[in-house]
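> no letters, just coordinates:
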């Protein structure tokens, strides 16, 4: 009998990618529930009933006081111990865009030495000075323990953010690199790192970092939106690629693959 994998996708107060994210997980074979943050904090819905917790994209609390800041305070004040127990129990946590910003503000990422309370990194305003809505190429670190990107080497995804510049002290960056916790980097079309060149690196992230995980590979955050590439026709060049009969992604897009990896982890 196939085990039913249950996913909790947070909603509320400016988040706007919850429906797409829940749909992506359902396409990947899971049962996904969209749950308001207040309902979760009140205990009307139990986090322990789920295997995967997702902080989705959007603009929680209007990015007041900084992107993901208010949501981080709200969730960790109300559910900090429960989320840390959730991680310790072998479950998965994912943060997409605003969710990634929330995870770094809570200290759930990078989670050095299983310390999920200390903030070590930040996502700052884009170097270009404005909001970026574009597709980017990404290369995957094959040495990363990340559950979500297992078996992947490169992928295109869209970004939609004004505060996506990954920043940290040099010692923290070195630790992330040495531990394999850097999962995704912004890349050139040939798959090589962007080396900070705009717009391939859309925000000025140090070392082109677009996504990181904790040491276990079970807590993952990324700025690009995998839920926005779950079907071939989501890609802006799909008609051209089809007309030229060039190899593309068939029915399994890289975005969908990320969600399938998460669901498969529990099967």
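It's in. As the structure is a computational prediction, the values presented were derived from the model and not from experiment.
> check which helix or strand covers the nearest residue to residue 28 once chain neighbours are set aside.
Distances taken as C-beta to C-beta, 6 or more residues apart in numbering place residue 259 nearest to residue 28, at 3.9 Å, with adjacent residues excluded. The way it works is simple: take the backbone N, C-alpha and C, and place the C-beta from them, glycine included. Residue 259 belongs to helix 254-264 when elements are defined using DSSP states H and E.
> list the buried ones in that helix?
254, 255, 256, 257, 258, 259, 260, 261, 262, 263 (16 or more other C-beta atoms under 10 Å).
> the residue nearest to residue 28 touches residue 25, doesn't it?
Yes - here residue 259 reaches residue 25: they are 5.3 Å apart, a contact under C-beta atoms under 8 Å.
> chain center to stretch 170-186: distance?
The chain centroid and the centroid of stretch 170-186 are separated by 16 Å under C-alpha atoms, centre = their mean, to the nearest Å.
> quote the end-to-end distance of it.
19 Å (C-alpha to C-alpha, to the nearest Å).
> ok, now stretch 162-170?
23 Å.
> again with stretch 33-40
Per C-alpha to C-alpha, stretch 33-40 runs 12 Å from first to last residue.
> likewise for stretch 103-123?
10 Å.
> pull out the buried residues from that stretch.
Buried-residue list, stretch 103-123, by 16+ other C-beta under 10 Å: 103-112, 116, 120-121, 123.
> restricted to helices, list these.
103, 104, 105, 106 (DSSP state H).
> nearest spatial neighbour of the second one, chain-adjacent residues omitted?
In other words, residue 104. Closest residue in space to residue 104, ignoring its immediate chain neighbours: residue 121 at 5.1 Å, by C-beta to C-beta, 6+ apart.
> which ones are touching that neighbour?
104, 109, 110, 166, 167, 168, 172, 176, 212 (C-beta atoms under 8 Å, 6 or more residues apart in numbering).
> just give me the neighbour total for residue 23.
When neighbours are counted by other C-beta atoms under 10 Å, residue 23 registers 16.
> that one and residue 231 touch, don't they?
No - using C-beta under 8 Å, residue 23 is not in contact with residue 231, being 10.3 Å away.
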